[in-house]
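**Student:** Take this sequence and fold it.
(chains A and B)
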Amino acid sequence: MAKFLGTRVLHSGIALIGLILAVFFLVRLTGDPTDLYLPIDASLETRKEFAHKHGFDRSAVEQFLVFLKDVSQGDLGYSLRKQRPAMELVLEAYPTTLRLAGVAMTLSIALAIVVGSIAAYRPGGVFDRISSMASLAGASAPDFWIAITGILLFAVTFRWLPTSGVGGIEYWVLPIVVLMLRPFGLMVQVVRASMLGALSSAYVKTARAKGVGESAIIFVHALRNAGLSVITVAGDLTVGLINGAVIVETVFGWPGVGKLMIDSVIQRDFPTVQAAVMVTAMAIFLLNIVIDLLYVALDPRIRHQ
Amino acid sequence: MSTAEQEAITIRRVTPWWRLLPRDKFALVAACWMVVLFACFLLGPELFGKAATAINLRARNLAPGSLENGWLMILGGDALGRSILARLIVASRNTMTIALTAVILAMLAGGALGMIAGYIGRGVGQIIMRFADVLQSFPSLLLAVVVLYVLEPSVTNLIIVLSITRLPIYLRVTRAEVMEVRERVFVDAARALGGGRFHILRRHITPVVAPTLLTILTVDFSIVMLAESSLSFLGIGIQPPEITWGLMVAQGRNYLSQAWWLAFFPGLAIMLATLSGNILSNWLRIVSDPEQRWRLETVGQDKRKPEKQGQGAGGRTDG
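**Tutor:** Reported below is the predicted structural model:
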């Protein structure tokens, strides 16, 4: 068990470092931000001063060494765009994204488990066929299109919901639904497939023979075993959910980390991009460890290794 | 099992896939739609290139559903009075080229790396797997955003970026399959007969791995198409005057409250294409799975005879 966890942590750690390295050098290839931040008629001296202040006059490797030294002291640099510590901007944006992703993920996991289990209970039945079609459509839908169609329908035409912005519960409906579509669609299929396998297994037959109630069979016996594959997929989907969050935050004007990152890349705000990537990668790193721990908790084969 | 029954099973031939397709209505419709799309991809720009760029200011934001301005205007006109239908058909080439090329590239590169990781060496394999970890540990869209800002957003670069983000799936699947297949007897036999590594990979392992990769390819086609549309929608993908469906949605977004059809139809086109891809991949998965294939083989046959199903299930052993 310790070995299993150790290897996993080591691998995720290597990925984390590789990613930070890659992003650091990649963003520096996007071009010199000096021109973007100084007026066209800025003198050569001002330019040099700007480049010197942010370290752009040094080679990329030197810049990286300075960056490492700063990071070890907890300093991720100043945002070029906002003249504030980059980390501050990222940490300000994070709660929005986390809340959005958390609510969407929890709702889609819960709904998918219920829908997928019922569908697997009678494969080929009416409910199964409807839910299969719906989940397939959800997984195939372009989220940005659903988002603007939703705005058009519910905000512009019917005026039931606000078009964009942050606020009370009515502001949450459209973004959450859009964000949920794909994870929900994919997860229903996974739950259904693994429940189908679990329901035809020997231990379910044994439980039936003992006279265990049907709902207990579905939600206790079968689901617990189907849970492993659901967790694996849910982990991957959470990483993918950030893709959706970028779109949703852009379309609905939510000040989350996805929007921050897109804006920063477009305006060559390197320190902010680095800080955002680092925090996101750390979050995913932690998420992977949590998933591994859940694995250990759920699967006795790993626990007793 | 009686000898007569056994005979019936061995004589019974495997139903070819083109006879299985009509038995699943959804898959049939999806396949037909794919054929239509492919025709647009092949001939669209040649046939409708002019119509897609012809500006007609009197048909600005023309509402869909009227045939007064010719049948090309059936889906309405865009902000410059160009036919939306013609633009959709022309844009299908870019959209499909990017999605198809990216998945094929990802499959070839991922498959090759997966074979190396699974068969050649442990050391190289470890490096390759860590590389896959890096790619998978970060949201693909953000990775693409960063990379597309380094490179210029063009069709070629978009293809490269998208194929890199999809590569880990093929890599992992290939590696897992190769590691399983390499232990089988026929591989041992080939090795004992003096077959070299590349000979074994090419002649003995590739045929076993290929069907799985092709099934993933059909799902991935939809995923990549969605990714490309998202990037183009965000303004970091394809740049005008080139068009893709995603870019058309982005352009139509500005006219959302006056002319909803500008953004609606391109989005619908994306949705129908990805949905068809997903339905076909589901169908393909069932056809290629010997344990499930009978579900399709028995559809449309005489349902009053339950033993038919038994025969179908028996037939799958030689399928």
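**Student:** CA only for contacts and neighbour counts going forward, please
**Tutor:** Fine.
**Student:** Buried residues in the longest helix along chain A, which are they?
**Tutor:** Longest among the helix segments of chain A by residue count, using DSSP state H, is helix A:86-121. For helix A:86-121, the neighbour count (16 or more other CA atoms under 10 Å in any protein chain shown) marks A:86-87, A:89-90, A:93-94, A:96-97, A:100-101, A:104-105, A:107-109, A:112-121 as buried.
**Student:** just checking, next helix/strand downstream of that helix?
**Tutor:** helix A:126-140 (DSSP states H and E).
**Student:** Could you list the buried residues of that next one?
**Tutor:** Buried residues in helix A:126-140, counted by 16+ other CA under 10 Å: A:127-128, A:131-140.
**Student:** circling back to that earlier point, average pLDDT across the longest helix of chain A?
**Tutor:** Averaged over helix A:86-121, pLDDT sits at 87.
**Student:** on contacts alone, who are the packing partners of that helix?
**Tutor:** helix A:126-140, helix A:169-199, helix A:223-252, helix A:257-266, helix A:270-298 (3 or more CA pairs under 8 Å, 6 or more residues apart in numbering or on different chains; DSSP states H and E).
**Student:** on that earlier part again, mind putting the buried residues of helix A:126-140 into a markdown table with distance to chain B and pLDDT?
**Tutor:** Shown next, in a markdown table, are the buried residues of helix A:126-140 (distance: CA to the nearest CA, whole Å; pLDDT from 0 to 100):
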| residue | distance to chain B | pLDDT |
| --- | --- | --- |
| A:Phe127 | 17 | 89 |
| A:Asp128 | 15 | 88 |
| A:Ser131 | 14 | 89 |
| A:Ser132 | 10 | 86 |
| A:Met133 | 9 | 86 |
| A:Ala134 | 11 | 87 |
| A:Ser135 | 10 | 87 |
| A:Leu136 | 7 | 86 |
| A:Ala137 | 6 | 86 |
| A:Gly138 | 9 | 85 |
| A:Ala139 | 8 | 84 |
| A:Ser140 | 5 | 86 |
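**Student:** what's the closest of those to A:Ala222?
**Tutor:** Comparing the buried residues of helix A:126-140 against A:Ala222 with CA to CA places A:Asp128 closest, at 17.4 Å.
**Student:** A:Ala134 is in contact with that closest one, correct?
**Tutor:** No - counting by CA atoms under 8 Å, A:Asp128 sits too far from A:Ala134 to count as a contact (9.8 Å).
**Student:** looking at chain B, which helix or strand is least sure?
**Tutor:** Lowest by mean pLDDT, DSSP states H and E among the helices and strands of chain B is helix B:307-315, with a mean of 39.
**Student:** mind listing what A:Ile118 touches?
**Tutor:** A:127-128 (CA atoms under 8 Å, 6 or more residues apart in numbering or on different chains).
**Student:** circling back to that earlier point, now do the longest helix of chain A against helix A:126-140, angle only.
**Tutor:** Calculated by axes from the mean of the first three to the mean of the last three CA atoms, to 10 degrees, helix A:86-121 forms an angle of 150 degrees with helix A:126-140.
**Student:** For B:Ala176, what is the enclosing helix or strand?
**Tutor:** Counting by DSSP H and E, B:Ala176 is part of helix B:155-181.
**Student:** for B:Cys32, same thing?
**Tutor:** Per DSSP H and E: helix B:25-53 holds B:Cys32.
**Student:** Do any residues in that helix lie close to chain A?
**Tutor:** No - using CA under 8 Å from any CA of the partner chain, we find that helix B:25-53 stays clear of chain A, coming within 9.7 Å at best.
**Student:** same for that helix, what does it pack against?
**Tutor:** Using 3+ CA pairs under 8 Å, 6+ apart, helix B:25-53 is in contact with helix B:84-115, helix B:261-288.
**Student:** Spell out which parts of the stretch 151-300 of chain B neighbour chain A.
**Tutor:** B:151, B:222-223, B:226, B:229-230, B:233-234, B:249, B:253, B:256-257, B:260, B:263-264, B:267, B:270-271, B:274-275, B:278-279.
**Student:** among those residues, which ones are buried?
**Tutor:** B:222-223, B:226, B:229-230, B:233-234, B:249, B:253, B:256, B:260, B:263-264, B:267, B:270-271, B:274-275, B:278-279.
**Student:** Kindly report the residues of chain A close to chain B.
**Tutor:** Residues of chain A found near chain B (CA under 8 Å from any CA) are A:11-12, A:14-16, A:18-19, A:23, A:26-27, A:29-31, A:136-137, A:140-142, A:144-145, A:148-149, A:152, A:156, A:239-240, A:242-243, A:247, A:261-262, A:265-266, A:280-281, A:284-285.
**Student:** Just the buried residues out of the residues you listed, in ChimeraX syntax.
**Tutor:** This is the ChimeraX syntax for the buried subset of these, where burial follows 16+ other CA under 10 Å:
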select /A:11,12,15,16,18,19,23,26,27,30,136,137,140,141,142,144,145,148,149,152,156,239,240,242,243,247,261,262,265,280,281,284,285
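**Student:** ok, A:Ser140 - contacts?
**Tutor:** A:182, B:222-223, B:226, B:271, B:274-275, B:278.
**Student:** Apart from its neighbours in sequence, what residue is nearest B:Val287?
**Tutor:** Using CA to CA, 6 or more residues apart in numbering or on different chains and skipping the chain neighbours, the partner closest in space to B:Val287 is B:Arg293 (5.0 Å).
**Student:** remind me which residues of the chain are low pLDDT?
**Tutor:** I went with chain A, as the question did not name one. Counting by pLDDT under 70, chain A contains low-confidence ranges at A:1, A:30-40, A:302, A:304-305.
**Student:** not what I meant, chain B
**Tutor:** Short version for chain B, where the test is pLDDT under 70: B:1-15, B:17, B:59, B:69, B:290-292, B:294-319.
**Student:** out of the helices and strands packed on helix B:25-53, which comes closest to A:Ser194?
**Tutor:** That would be helix B:261-288 among the helices and strands packed on helix B:25-53, by CA to CA, at 15.3 Å.
**Student:** Residues contacting stretch A:120-133 from elsewhere in the structure, which ones?
**Tutor:** A:115-116, A:118-119, A:188-189, A:192-193, A:195-196, A:199, A:218.
**Student:** Brilliant, that's me finished.
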